[in-house]
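In: Okay, here's the prediction I keep looking at, along with the sequence it came from:
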Amino acid sequence: MPAVTIRTLSAETHRALKAQAAAHGHSTEAEIRRILDLAVRPAGRVRLGTLLSSLGAAAGLTAEDASLLDDLRDRTPSEPVGLE
């Protein structure tokens, strides 16, 4: 799992994080992970698969329609990019 180091964190911020972690019954590290998760992955975010599914349903597409479209998909392997 990736790790992140935060340098030059103010003493006030560190104390506030420790207090907030204690209030939630977490370690400071766990509290920081929770804060970061909430910041970058909010609960109300739109998920691409859910959005596409709802668009298909709104258009009246069925599972059979989806399989017909999948049969039309080009499955030819692409050529690797030359970086010379």
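Out: Arrived safely.
In: lowest average confidence, helix or strand, in the protein?
Out: Of all the helices and strands that make up the chain, helix 63-72 has the lowest average by mean pLDDT, DSSP states H and E, namely a mean of 84.
In: can you tell me how far the residue nearest the centre of the chain sits from residue 33?
Out: Residue closest to the mean C-alpha point of the chain, counted by Cα atoms, centre = their mean, is residue 41 at 5.7 Å. Spatial separation of residue 41 from residue 33 under the definition Cβ to Cβ, to the nearest Å is 11 Å. Bear in mind the C-beta positions are built from the backbone N, C-alpha and C, glycine included.
In: go on, residue 79?
Out: For residue 79, the distance to residue 33 - Cβ to Cβ - is 41 Å.
In: between these two, who's got more neighbours?
Out: Neighbours per residue, other Cβ atoms under 10 Å: of residue 79 and residue 33, the larger number sits with residue 33, 13 against 6.
In: Need the three-state assignment for the more buried one.
Out: Following DSSP: H, G, I helix; E, B strand; the rest coil, the label given to residue 33 is helix.
In: ok, it - contacts?
Out: When the contact criterion is Cβ atoms under 8 Å, 6 or more residues apart in numbering, residue 33 has no partners at all.
In: how close does it sit to residue 10?
Out: When distances are taken as Cβ to Cβ, residue 33 and residue 10 turn out to be 20 Å apart.
In: Next: residue 21.
Out: From residue 21 to residue 10 the distance is 16 Å (Cβ to Cβ).
In: Cheers, nothing more for now.
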